[in-house]
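> Here you go, sequence then predicted model.
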Amino acid sequence: MQFQASQLMVNPCDDEEDNMALVCCHDEKGGMILITRLAEDKDVEFTLGDEDPCYVRDFKVTLDDKTLTFELAADDADVLNGDVELVIHYDSSQVDLPEVEETLRNILDGTGTYVSHIAR
């Protein structure tokens, strides 16, 4: 599944939402992807548009300067409407990459694999 984000928002730890880490993307057509995890939860919540949220664990996320890729297990393909990969294309000049990395680490802590291809 491909998603062209016109806006990529992250929050590594929202105190008002029980220390929830979140990644939220919007596209030009009004589509939305929301990926969240509360600090005490073991599962990560994926929400596509106005669909009901799905919960996953043990997946891989890769970040580079133009894409954010989520790779799910075949058993979780229903989360992405039959796909096992979600590639979010974004404009890195519009986001704080260290904050994106911190958020992804918080979301994946103990439940997934994070790979960074961001130059330091």
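Now that the structure is in, tell me what you want to look at.

> do you know how far residue 65 is from residue 55?
Relative to residue 55, residue 65 is positioned 29 Å away (Cβ to Cβ, to the nearest Å). Backbone N, C-alpha and C define where each C-beta goes, glycine included.

> Ok, residue 109 next?
In terms of Cβ to Cβ, residue 109 sits 16 Å off from residue 55.

> what ranges of this structure fall below the confidence cut-off?
Along the chain, the parts satisfying pLDDT under 70 run over 120.

> Would you map the helices across it?
In the chain, the segments counted as helices under DSSP state H are 97-108.

> Could I get the full set of strands for this structure?
For the chain, strands defined by DSSP state E occupy the ranges 2-4, 7-14, 20-26, 32-38, 44-48, 54-56, 59-63, 67-71, 85-89, 112-116.

> can you tell me which of these comes nearest to residue 96?
strand 7-14 (7.7 Å; Cβ to Cβ).

> Show me what the closest one pairs with in its sheet, parallel or antiparallel.
Applying DSSP bridges to the sheet, strand 7-14 is found paired with strand 20-26 (antiparallel).

> So what's the gap between the strand it pairs with and the chain middle?
When C-alpha coordinates are averaged (Cα atoms, centre = their mean, to the nearest Å), strand 20-26 and its chain have centres 6 Å apart.
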